[in-house]
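[1] have a look at this prediction, sequence included:
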Amino acid sequence: KKITTYPTVLCHRDYHSRNLMFNNNDNKIVVIDFQDSMLGPIQYDLCSLLDDCYLKYQPASYQSVMRNFFDQALSEKLVTPSFEEFFVQYHYVKLQRQFKAIGSFTYMWAEKNNVKYLKYISYVMESMKASFTSLDLPELASLKERVLKLYYEH
């Protein structure tokens, strides 16, 4: 519900390392697999890129990219001037996207008998745990407890 109140932009919705290709002919990065594009919060594709389960970033790079993205969005008047507010919104969007990723990974296993994505669930869960910890908001306490208990006890 909270995320639906955030301003929206056109989002790729699957913006991660495996959907970015380098074109050697003109030295440019090409974005592929954009059929799920739609309006969403400005942080959505940033979450997809920075919390990519296929590629790990160093903490300094992670923070630098997030800050540069925020500064650019601010200069274009796409976000409020509060980085703290942007950061909280980022983690809400990140949690929502992580639920989607786990759902996709388990769907591929349960319905398509494709196990190759199951190995990424542990990374996503650890990342969710970090988001819950970063936010540390009372309204998420019950969800945090239920999700982490379900995962770590099974």
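    In hand now; what should we look at? Numbers count the residues shown, from 1 in each chain.

[2] F87 belongs to a helix, doesn't it?
    Yes - assessed with DSSP: H, G, I helix; E, B strand; the rest coil, F87 lies in a helix.

[3] sec struct for the residue located most distally from the centre of the chain, please.
    Note on the chain: the largest C-alpha distance from the chain mean falls to N25, namely 30.5 Å (CA atoms, centre = their mean). Counting by three-state DSSP, the backbone at N25 sits in coil.

[4] gap between it and L49?
    Distance of N25 to L49, given as CB to CB, to the nearest Å: 24 Å. All C-beta spots, glycine's among them, are computed from the backbone N, C-alpha and C.

[5] please tell me how far the residue farthest from the centre of the chain sits from S61.
    Counting by CB to CB, the gap from N25 to S61 is 27 Å.

[6] do you know the pLDDT at the residue nearest in space to the middle of the chain?
    Nearest to the mean C-alpha position of the chain, by CA atoms, centre = their mean, lies C47 at 2.9 Å. On pLDDT, C47 comes in at 93.

[7] got the contact list for it?
    Taking CB atoms under 8 Å, 6 or more residues apart in numbering, we find C47 in contact with Y90, V93, K94, R97.
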